[in-house]
Every structure is written in C-alpha cells, then in structure tokens.
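# Here is a sequence together with a model predicted from it:
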Amino acid sequence: MRKTPENRQSRSDTVRTRGWFLDWLPAVITLGLLSLIAEFGLFGSADAWKLFWSLLNLAPGLWIVRAVIRSLRRADEYQRRRQLEALAIGFGVLLMSIFTIGLLQTAGVGDLRQLVQISFLGSILIWIAALLVKTPRTR
C-alpha cells in the first residue's frame, strides 16, 4: 500500500505513537480486568483480601500517571503545550466538581462515593476530549 502525504509519518512520529500505545494499553487493560474482578464482590469490605483487591486499583492509576509523564517527555514543544492545556482543563473540572460535592454533602444531598466517582470519571473524560480537540495531529 502506497503512503499518501496525508498518512505519512516520520520515524520519530511512528516511534512516539508506538511508545504511547505501549505505555497506555497495559494500564487500560489492567483497569478493565480489575473492573471485572469487582463484579465478583471482592471490593469494599474490611476483610484483608477485599482490602487488597480494592487497593490494587491504585496500580493501573499509577501506571496511567507514568504514561502521562512519559508522553509529555516524548512530545515536542507544540504537543507538550497542548497536552498540558488539556490536563489543566481536566484538573479545573475536577476541582470544581469536588467543590460542588463538598457543597452537596454539607446540604446532605447525594452519596459521597458516587459523587466522587462521577466527578473523577467526568474530569478524565473532559481531559481526554480536550486532548483530542487540542491535538488532532498527534493521535
């Protein structure tokens, strides 16, 4: 298959894309497997094994932090600025949602665990959306 000018990438872009997938894919797969384990009722109890399985969710989270740092280090100046802007947007959404959760808890509205999970997932989705909008040429 012949490469057209639209889909031609430099060697460094190819290596960067491959590195990005190698950093993110294991973390996402591990997070998915841990969510399947959650279906078996191993999370959220005082039992020692359930505590272990609950804290095991930190591993893919730390892996994702590692992937973010490595992708920032691999990026050129333009990409790094766009990625940091997207992170700042996601972080701002998280701060405002946690502030809102505090106000709702003071008023006695809602379940704290659900609200924290919703705000966390919402801020990550906003971060990903901002990243896709701000860096269309990098992915």
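Ah, there it is. Numbering: from 1, shown residues only.

# Tell me how many other residues crowd Leu112.
Leu112 has 11 neighbours, counted by other C-beta atoms under 10 Å. (C-beta placed from N, C-alpha, C; glycine too.)

# swap that for Leu131, sorry
20.

# list the contacts for it?
Shown in contact with Leu131 (C-beta atoms under 8 Å, 6 or more residues apart in numbering): 82-83, 86.

# Let me know the next secondary structure element after the lowest-mean-pLDDT helix or strand in the chain.
The weakest-scoring helix or strand in the chain, judged by mean pLDDT, DSSP states H and E, is helix 48-55 (a mean of 73). Sequence-wise, the next helix or strand downstream of helix 48-55 (DSSP states H and E) is helix 58-74.

# That next one - what's its average pLDDT?
Summarised as a single mean, pLDDT over helix 58-74 is 86.

# How about stretch 18-30?
Here stretch 18-30 scores 83 as its mean pLDDT.

# got the buried residues for that stretch?
20, 23-24, 27, 30 (16 or more other C-beta atoms under 10 Å).

# Next step: those restricted to helices.
20, 23-24, 27, 30 (DSSP state H).

# what's the helix or strand for Val109?
Using DSSP H and E, Val109 falls outside every helix and strand.

# Show the pLDDT at it.
So Val109 comes in at 89 (pLDDT).

# List the contacts of it.
With C-beta under 8 Å, 6+ apart, Val109 has no contacts at all.
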